[in-house]
Structure formats: C-alpha cells, structure tokens
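Novice: Whatever this is, show me its structure:
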Amino acid sequence: MPLVQEGRARRARSQSDERSALAAAYREGLGVACITIICDGGGTRIVPGEYKLGAEHEIQARWWCRRAEDAERVASQAAERLRRRLTSEGTRSLGALATKDSLSPACDAVLAAAQRLNIALRSDDELAEEALLVAARVDAEMQKLQQSGGLKSVNKAYRDYRLTAAERGERAMRYDDWMRKYRENLVRQAACALRDV
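Specialist: Below is the predicted model of the structure:
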C-alpha cells in the first residue's frame, strides 16, 4: 500500500476511534442502558446490558434506553416474542436463527416490545450524532477560550498531570492524547447535565 493511502487509512481509523470514544463518553454521562442483539454459535440472542463480546460473538444491533430495568424488561419481552414466533413457525430454538436473516425478526421483536412497554429507544447512530454535536459545542467553547487566553488553567492541569506522573515514575500521555481525554470528559459531563432534562 502506498504511503499516502496508508496515512489516509490510519487517519480514518483514528477519527473513527475518536468518534467511538466520544459516543461512549456521552452514553456513560447519560447513564443509558442497552439492549443488544448478538449472534454466536448459539444463534441470535437478545440480551440486556452491554454484552462482553468474545471472538465468537458479533453485535447485530443495539439500542439504548434510560434505565437498566427498562432494558431488561424490553429484552425479556422481545426474546419471548421471538420464541413465540419461532414456535409458531415450527422452529425449535433460537439457535436456528444463526444467520443475518434472523436480524429482522429480532429487531422487530425489540421495537415492538419497547413500544408495548412505552419505553423510548435510541440507536447507536442517534447517540453518536448527539455526542458529535456536544463535542462540536465543546470544541467551539475551547476555541473561544484559546483566543481569549482562557486555556491557561487547562494547560496548567496538563503540566500538573505530567509532573505527578513523573513523580510516580509513570510515563505521561502526550499533550494531544491528554487533550482528547479531557475533551471526552467534557462531553461526559455535558451528558450528565442532560441526564435529568
């Protein structure tokens, strides 16, 4: 691969990683819980909460709601609805739904359960877009602070962090990496403020 293409690919991965980190910080700040549809050797499953993936697991779809209890209720009812559908179709188990063809019935089951329980769901993409909007506002505010000299306290915080790391004998993060974490934390804090709105 030519160096130019390699550099572009590396930047694209870095931007994708940064967007994922911002979305994760935003979700954490909001305190949302998820409902996940996964496929593995056992077939298609609907599970509440963030599922720890092994090599054999693949996330097919994921939605978020405000409370863990709601995620459990939606996942439970959706799984039951999917089981009933399989039984009516003469399929013996969820393991028979191990293909991408099973995604649509599973998604339909989750959405129907959420509607029946009157629980609002948000997709990964919706939350990622919201996170990017919050990050853009954070960036605009930081730009204003930089122009007015207001980032002195942030730069001092980095110096203090670097000195503390050196005293402990730890390797300090580069300034760009530290600022990325700082930005994620600001997005997390903004999401926390939105939690009760």
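Novice: Counting neighbours, what do you get for Gln189?
Specialist: A count of nearby residues for Gln189, using other Cβ atoms under 10 Å, gives 14. (Glycine included, C-beta is placed from N, CA and C.)
Novice: part of a strand, is it?
Specialist: No: Gln189: not assigned to a strand; according to DSSP: H, G, I helix; E, B strand; the rest coil it is helix.
Novice: And the pLDDT at it?
Specialist: Listed pLDDT for Gln189 reads 95.
Novice: For the closest residue to it other than its chain neighbours, give me its contacts.
Specialist: With sequence-adjacent residues excluded and distances taken as Cβ to Cβ, 6 or more residues apart in numbering, Gln189 is closest to Gly29, at 6.5 Å. With contacts taken as Cβ atoms under 8 Å, 6 or more residues apart in numbering, Gly29 has the following neighbours: Val187, Arg188, Gln189, Ala190, Ala191, Cys192, Leu194, Arg195.
Novice: can you tell me how far Gly29 sits from Ile59?
Specialist: 21 Å (Cβ to Cβ, to the nearest Å).
Novice: which SSE is the most centrally placed residue in the chain in?
Specialist: With distances taken as Cα atoms, centre = their mean, the residue of the chain nearest its centroid is Ala24 (4.1 Å). Assessed by DSSP states H and E, Ala24 sits inside helix 3-30.
Novice: again with Trp178
Specialist: Going by DSSP H and E, Trp178 is part of helix 175-195.
Novice: How about the contacts made by the nearest residue to Asp124 once chain neighbours are set aside?
Specialist: Among residues not flanking Asp124 along the chain, Arg62 sits closest, at 5.3 Å (Cβ to Cβ, 6+ apart). Taking Cβ under 8 Å, 6+ apart, we find Arg62 in contact with Cys34, Ile35, Thr36, Ile37, Ser123, Asp124.
Novice: The fifth one reaches Trp63, doesn't it?
Specialist: Spelled out, it's Ser123. Yes: Ser123 lies in contact with Trp63 (Cβ atoms under 8 Å); the separation is 5.9 Å.
Novice: Tell me which of those two has more neighbours.
Specialist: Between Ser123 and Trp63, Trp63 has the larger neighbour count (other Cβ under 10 Å), namely 25 against 12.
Novice: Look at that one and tell me its secondary structure.
Specialist: Relying on three-state DSSP, one would call Trp63 strand.
Novice: Could you give the number of residues near the residue nearest to it when sequence neighbours are not counted?
Specialist: Leaving aside its chain neighbours, Trp63 sits nearest to Leu121 (4.1 Å; criterion: Cβ to Cβ, 6+ apart). For Leu121, the count of nearby residues is 21 (other Cβ under 10 Å).
Novice: Leu121 contacts Ile35, correct?
Specialist: Yes: Leu121 is within contact range of Ile35, at 7.3 Å (criterion: Cβ under 8 Å).
Novice: quick one: common contacting residues for those two?
Specialist: Trp63, Trp64, Cys65, Val74, Val110.
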